[in-house]
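K.L.:
Please find the sequence and the predicted model below.
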Amino acid sequence: MIELCAITYSDVGAAIRHQRHLPGRPTLRGTCAKYYSECGRTVKGLAMSLWGDELINQFAYDTPEISIICRTDLLIRDSRLHAEYNVYPARFLASLYEQQGDLFVRELRGTFAIILYDKKARVLKAWTDPFGSERLVFTNPQGFTAVATDLRLLLPLFTERPDIDPVAVQQYLQYTCIPAPKTIFRGISRLEPGHQLTSGTAVATRSYWDMTYAQNEDRTEKAWIDETENALRSAVSLNMTGLEPSRMGCFLSGGTDSSSIVGMLSQLTTEPARTFSIGFDDSRYNEMHYARITARHNKSSHHEYFVTPNDVLALIERAIPAYDEPFGNSSIIPTYYCARLAAENGVTHLLAGDGGDELFGGNSRYADDRVFQHYSELPIWMQRLVIEPAVSLGNSWTRLRFFDLAARYIRRSKISIPDRWFSYSLLSSVPNQELVSSDFLASVQGQHPLEPARRHFASAPSRHPLNRYLYLDLKITIGDNDLRKVTVMSQLAGVTARYPMLDPTLAQFTGTIPPHLKVRKSQLRYLFKKSMAGVLPPAVIKKQKHGFGLPYCIWVGERGPLQDFTFDVLGSTRCRQRGYFRPDLFEWLWSQYDSVHQKFYGDLLWVFMMLELWHLKHDEAAMARQQQEVVPLSHGVN
């Protein structure tokens, strides 16, 4: 794992703080990096550095014109170019930049975070890959501009610790993550997926790649089926680039996406695919049965691990520091143990199925929401003069459940989209004054938690509701949440994740598929499942969508160490004094968990607990920074 940090500065104090924290840079695993290197040392007012537990010199390169540092896992079919990249990634990218300028990233495939200083133009530039598998954050206070792979690398540059952004906390509670471009800290932003940052006299960001939906109605259904299969096979083949079969494996949850990747890989190699699956002792969360069906169908070399409540406690103290801001997706736990299982069996790269739902229409809410769309498509006069008066009258005169359900249906149908999608969430279903303190409510006044979702939905390059929902999910569910979950936990376990479904060529192809072939009435992934008929076992094609969750909501209700840990964290004086929530919120959540809805409120307990645990780790790190001694400035300011 490599960390990157680049600063252009005119402020001597910022440079001193930067240098003070260079020695002993920690890695994702919490240890001190074995290797450290610098780049651009001859440029006044520039500091570019990288460090990690692997050899890093090939990820930094200097020429008279540019300095570049990078963290990449590029996929290149051309054997000559791949060999050149493999020997010296930074030099390879520098050559592309010198030939093509800023647009060189458009043809890159794979994952990357690239920071470059153009010495002639005196401009700092940075890029992230199209879907944001790699992450870059930046800040531009008076006196310097800094870009890094981790928020914690920027904090020492400030004379005072940046404030927590209450709007970011609000958005975390809504999405279990903080959507780009916000971060948990005021004054620090995240570079959005598929974007370029340019810092000269001012900092600017712009998109160099985005999803499109230029749907094509000319093909027959049979042609679409064939082309979809070919497009996915090509993407899987590309993601095998540079890997020995013995070092390559697949996440296998038992779902449609991961099973399709395994099936394609099995067809493309002569050796059995290596598959890794996680199970639970609760049938509501366990898909091991389907994972085994896929493994047998493809004759894969299959490995399994069953996660227990003790595994949660064993990991959580290591998982929290791996994320530089609050992250509330409980699936980090099974993801880590699956990746660790692969690493223990000699695997260095895992193919993941993330993105399939958001490209081919696999989330149940895509079909569910069509039920509500039907009502809004009825003539206004019919809604107002016929249906709604009849339902209101029936509700007032009778106690029939039918009229109550009809009234609820009408109310939800009238919620605008995409707000309707989130209407079951805590912040949308409970008055905020009953959840948060008056001070916190005042600090987020005028900031709606659904602003990021509304922004993506409104800017989607399609007018069809399904494509707009898919676009929204690619931005938040994939770019802000799922990729962050899988990438970081894989790195913590010592493996690299690759995402065949998120190959830009495949993604743009799916944008041409007519929406009615993605979701047909209540059939999710209609075209995708047709195209995978020769790849997937029939039982997997027919199964209902399950998801890859953690049964924390079940386990926390059982007396034992996990429940005690949760109570200790959320019931602590420090947690109550954060100032975000009303003092008795934890007791209210627990009462709702106990008497109203175990899964809904159990999952919320996890989200609140992860927020508090992040705060505790952040507070510890801040105290440690304050105790560090100042070391002499080595270079960069004249």
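P.N.:
On my side now, so go ahead. Numbers count the residues shown, from 1 in each chain.
K.L.:
Which stretches in the stretch 501-638 of the chain count as helices?
P.N.:
504-510, 515-518, 526-531, 538-542, 552-555, 561-570, 573-576, 585-595, 598-627 (DSSP state H, counting those that start in this stretch).
K.L.:
For burial, what's the neighbour tally of the residue nearest to residue 245 when sequence neighbours are not counted?
P.N.:
Residue nearest to residue 245 in three dimensions, not counting chain neighbours: residue 271, with 4.5 Å by CB to CB, 6 or more residues apart in numbering. For the C-beta atoms, the positions are set from N, CA and C on the backbone; glycine is no exception. Residue 271 has 13 neighbours, counted by other CB atoms under 10 Å.
K.L.:
same deal with residue 55?
P.N.:
11.
K.L.:
what's the answer for residue 463, then?
P.N.:
Neighbours around residue 463, by other CB under 10 Å: 8.
K.L.:
List the contacts of it.
P.N.:
For residue 463, the contact set (CB atoms under 8 Å, 6 or more residues apart in numbering) is empty.
K.L.:
rewinding a little: turn the helices of the stretch 501-638 of the chain into TSV, columns for distance to residue 299.
P.N.:
TSV is the format used below for those (distance: least, CB to CB, whole Å):
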stretch	distance to residue 299
helix 504-510	26
helix 515-518	31
helix 526-531	22
helix 538-542	15
helix 552-555	34
helix 561-570	38
helix 573-576	51
helix 585-595	44
helix 598-627	36
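K.L.:
List just the one of these that sits closest to residue 469.
P.N.:
For these, the distance to residue 469 is smallest for helix 515-518, at 9.8 Å, taking CB to CB.
K.L.:
List the buried residues of that closest one.
P.N.:
Residues 515, 517, 518 are the ones in helix 515-518 that count as buried (16 or more other CB atoms under 10 Å).
K.L.:
May I have the secondary structure class of the residue nearest to residue 245?
P.N.:
When classified by DSSP: H, G, I helix; E, B strand; the rest coil, residue 271 comes out as coil.
K.L.:
and it, what are its phi and psi?
P.N.:
phi -100, psi 150 (degrees, to the nearest 10).
K.L.:
Next SSE downstream of the helix or strand of the chain with the lowest mean pLDDT?
P.N.:
Lowest by mean pLDDT, DSSP states H and E among the helices and strands of the chain is helix 12-20, with a mean of 64. Next along the chain after helix 12-20, taking DSSP states H and E as the criterion, comes strand 35-39.
K.L.:
list the helices and strands that following strand packs on?
P.N.:
Judged by 3 or more CB pairs under 8 Å, 6 or more residues apart in numbering; DSSP states H and E, the packing partners of strand 35-39 are strand 46-52, strand 60-62, strand 66-74.
K.L.:
Repeat the analysis, applying 6 Å as the threshold.
P.N.:
strand 46-52, strand 60-62 (3 or more CB pairs under 6 Å, 6 or more residues apart in numbering; DSSP states H and E).
K.L.:
Quick one: mean pLDDT over the shortest one.
P.N.:
In this model, strand 60-62 has a mean pLDDT of 96.
K.L.:
shift numbering so it begins at 53
P.N.:
Taking 53 as the first residue, the last one we looked at is strand 112-114.
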